[in-house]
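Chemist: Quick one, fold the following:
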Amino acid sequence: MSERKISLPAKLINGGVAGLVGVTCVFPIDLAKTRLQNQQGTKVYSGLFDCLVKTIRAEGYLGMYRGAAVNLLLVTPEKAIKLAANDVFRQQLSKDGRLPLWAEILAGCGAGTCQVVVTTPMEMLKIQLQDAGRLAAQRTVSAPAGAPPPSLSTPTSTRPSATSITLELLRTRGLIGLYRGAGATLLRDVPFSMIYFPLFAKLNTLGRRECGCHGAAIQERAPFVQSFMAGCAAGSVAAVAVTPLDVIKTRLQTLRKGVGEDSYRGIADCARRIWTREGPSAFMKGATCRALVIAPLFGIAQGVYFLGVGEQLLAVF
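Modeler: Numbering: from 1, shown residues only. I've put the predicted structure just below:
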């Protein structure tokens, strides 16, 4: 199968636009996912719906988009790198217009590896902002009756900003502070891409005719609806499959801990403590939220990507 040739600038524009549209649509569910995954002792939220309702009551509707600015700023290069890198690797690995399964998996592996340079600091900052509301709510739930809420490292009235977190990390830990949890991010994103991209490619070719032309196999382009549904299905499967790795990554990247919550020395220590203290089911915390986030995110991404927004913009300008 030979895929249509798209210039690298067009790939980057397509990936960026897709990321912006997708994140805007699903960010509140992603916020709920982060807060549910970080719950250890005192339960503040019983599930996705309860988390969203309590967030709106305590922080207003804009509270559901806490950390969205960081995500919207960095999701453009992140999604652009991920989708463009996968296409580049697929083109390089294809022979005679065909791509074997091992090459599809390898291309996905390369795409997942490339995106980590942007994904790690993006999620590092996003998680701190998303989890601030949970910590404030936990202080209220954990406080004895008639006593003022116990204070952590920051007052409940102050909300951290992406700028303050970034400056603090750079001051205390240097640039490496922004890449805390990079290993766990790589451990999550590489398997995700290895599952997602080959599965999407297979679903996206279902029912499409293939014809030969001078020895090359050319397959008709998938319609928008098929690309959207293929992205949703492949995204949800890959998201649920790597949820245990996402739980570990989220825990490692959370700087401020609530009352009685564990701190971890690394990936192995985090996995061991979660298994021992919370049981195997804790590794699937937020799995439903992840599926609800990733499915439309990648459905929209692939739909926009295959609509050729980047090519149209380049043609105009």
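Chemist: And the strands in the protein?
Modeler: Under the criterion DSSP state E, the chain contains strands at 210-213, 216-219.
Chemist: Show me where the protein dips below the pLDDT cut-off.
Modeler: 1-6, 141-159, 208-220 (pLDDT under 70).
Chemist: max-length helix in it?
Modeler: helix 101-142 (DSSP state H).
Chemist: So which other helices or strands are in contact with it?
Modeler: helix 8-38, helix 48-59, helix 68-93, helix 162-173, helix 182-205, helix 243-253 (3 or more Cβ pairs under 8 Å, 6 or more residues apart in numbering; DSSP states H and E). Just so you know, the C-beta spots here come from the backbone N, C-alpha and C atoms, and that holds for glycine as well.
Chemist: As TSV, the ones you listed with mean neighbour count and distance to Ser263 would be great.
Modeler: Converted to TSV, the helices and strands packed on helix 101-142 look like this (neighbours: other Cβ atoms under 10 Å; distance: least, Cβ to Cβ, whole Å):
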stretch	mean neighbour count	distance to Ser263
helix 8-38	23	12
helix 48-59	16	23
helix 68-93	21	23
helix 162-173	14	15
helix 182-205	21	14
helix 243-253	24	9
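Chemist: With Ile300 as the reference, name the closest of those helices.
Modeler: In this view, the helices and strands packed on helix 101-142 are compared for proximity to Ile300 by Cβ to Cβ, and helix 8-38 is the closest at 4.2 Å.
Chemist: tell me which strands and helices the closest one is in contact with?
Modeler: Judged by 3+ Cβ pairs under 8 Å, 6+ apart, the packing partners of helix 8-38 are helix 48-59, helix 68-93, helix 101-142, helix 243-253, helix 287-307, helix 309-316.
Chemist: quick one: the fifth one to helix 243-253, angle?
Modeler: Helix 287-307 and helix 243-253 meet at an angle of 100 degrees, taking axes from the mean of the first three to the mean of the last three Cα atoms, to 10 degrees as the criterion.
Chemist: Now do the buried residues in helix 287-307.
Modeler: 287-307 (16 or more other Cβ atoms under 10 Å).
Chemist: List the contacts of stretch 126-140.
Modeler: For stretch 126-140, the external contacting residues (Cβ atoms under 8 Å, 6 or more residues apart in numbering) are 30-31, 34-35, 38-39, 42, 44-45, 54-55, 58-59, 63, 66-67, 70-71, 149-152, 156, 159-162, 165, 250, 253-256, 258-259.
Chemist: How far off centre is it?
Modeler: Centroid separation for stretch 126-140 versus its chain: 19 Å, with Cα atoms, centre = their mean, to the nearest Å.
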